[in-house]
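Enquirer: Build the 3D model from these lines:
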Amino acid sequence: MRQSTTVLTAPEYSVRLVECKDDHRRWSTAEPVETFGLVLPRRGHFRLVNGGVEQSVDVTQGYAQVPGLDQRFAHPSGGDVCTFVSVGATLWQEIVGDRPASTTLRVDAVSELAHRLLLRTAHDAADPAERLVRTVAAAARSSASDGGGAARTPAARASRTRLVARAREAVLDDVTASRDLVSLARALGVSPAHLSRVFHAETGCSLTRFRNRVRVSRVLARLEADDADLAAVAGDLGFADQAHLTRTVRATLGTTPARVRRALGAQAA
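Expert: Model prediction:
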């Protein structure tokens, strides 16, 4: 079951928050794509077949919608909340041009912050068109390539995709074994070297970098909720201390947690 709330609407675009409460491992029936747009997760994760390409969807990886494709979904870990940005064909071409080359969109921390600020527009009277353009452009710029090239056979390719999906889900669900490479590899029944190599080939980043990216996303969610106790946030999210959290946020976003919290404001969308 899905519930949709409109955040912004204009003749050439709209922004909606979509909450899906489905909880199933089987693939849904195919749904045709009718508009250009982006789907950017805010909470939870799920699996998607988009135009015949299977991918994981979470706060670090969204997807582009392109008319003419069809989509199927599976929610093995429960529901999720996503932002659906629908864009008219002319405006899409003006913003994106020939990008993204892939319907899979790598959502880095800068893109996620732009996404969260877009949802603030109704609260702070910012220019919605400017924020929309920034959000779409940022997501298109960080569009993920396939990374490691094709596996030797379709079966090998599918096996690699499933392994990486399981590793991602373990990190996203904060499974204890996911906190270091060796423990996670053992839990998944593969060698640490194989998991490290395949994960980087599929995602374009190391497992450590992915883990830190997920932590920064959780920091953004806490700052958006106006959580002022950074020491407690650091402890809750697995950072060594508040200084470690601050260094990580600054290195990722180029600014401090305090400035991010002021930008997001206390009244989150």
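Enquirer: alpha carbons only for contacts and neighbour counts from here, please
Expert: Fine.
Enquirer: secondary structure element for Val15?
Expert: Assigned by DSSP states H and E, Val15 belongs to strand 13-20.
Enquirer: Kindly report the same for Leu184.
Expert: Leu184 is part of helix 181-188 when elements are defined by DSSP H and E.
Enquirer: do Gln55 as well
Expert: strand 53-57.
Enquirer: and the angle from the helix or strand just after that strand to strand 53-57?
Expert: Once the chain leaves strand 53-57, the next helix or strand it forms, by DSSP H and E, is strand 61-65. Put simply, strand 61-65 runs at 130 degrees to strand 53-57, going by axes from the mean of the first three to the mean of the last three Cα atoms, to 10 degrees.
Enquirer: Show me how far strand 61-65 is from its chain's centre.
Expert: 8 Å (Cα atoms, centre = their mean, to the nearest Å).
Enquirer: contacting residues around the helix or strand just after that strand?
Expert: The helix or strand immediately downstream of strand 61-65 is strand 70-74, counting by DSSP H and E. Contacting residues not belonging to strand 70-74 are listed as 23-33, 46-52 [Cα atoms under 8 Å, 6 or more residues apart in numbering].
Enquirer: what element comes up after strand 70-74 heading to the C-terminus?
Expert: Following strand 70-74 in sequence, per DSSP H and E, is strand 80-87.
Enquirer: Residues in contact with that next one: which ones?
Expert: Contacts to strand 80-87, defined as Cα under 8 Å, 6+ apart, come from residues 12-21, 35-46.
Enquirer: Need the phi and psi values for Asp238.
Expert: You called it Asp, but residue 238 is Gly. Backbone torsions of Gly238, given as degrees, to the nearest 10, read phi 90, psi 10.
Enquirer: any idea where the helices of the stretch 151-269 of the chain begin and end?
Expert: Assigned by DSSP state H, counting those that start in this stretch, the helices in the stretch 151-269 of the chain fall at 154-172, 181-188, 192-203, 207-224, 230-237, 242-253, 257-264.
Enquirer: picking that back up, restricted to strands, list the contacts of strand 70-74.
Expert: Mapping those onto strands (DSSP state E) picks out Glu31, Pro32, Phe46, Arg47, Leu48, Val49, Asn50.
Enquirer: Parallel or antiparallel, list what pairs with the strand holding Val15.
Expert: If you go by DSSP bridges, strand 13-20 pairs up with strand 2-10 (antiparallel), strand 80-87 (antiparallel).
Enquirer: Now the buried members of the contacts of strand 80-87.
Expert: 13-20, 35-46 (16 or more other Cα atoms under 10 Å).
Enquirer: Quick one: residues contacting the nearest residue to Asp80 once chain neighbours are set aside.
Expert: Leaving out its chain neighbours, the residue that sits closest to Asp80 by Cα to Cα, 6 or more residues apart in numbering is Gly44, at 4.4 Å. By Cα under 8 Å, 6+ apart, Gly44 lies in contact with Asp58, Val59, Ser77, Gly78, Gly79, Asp80, Val81.
Enquirer: The third one against Lys21, yeah?
Expert: Looking back up the chat, that one is Ser77. No: the pair Ser77 / Lys21 is not scored as a contact, 10.5 Å apart, by Cα atoms under 8 Å.
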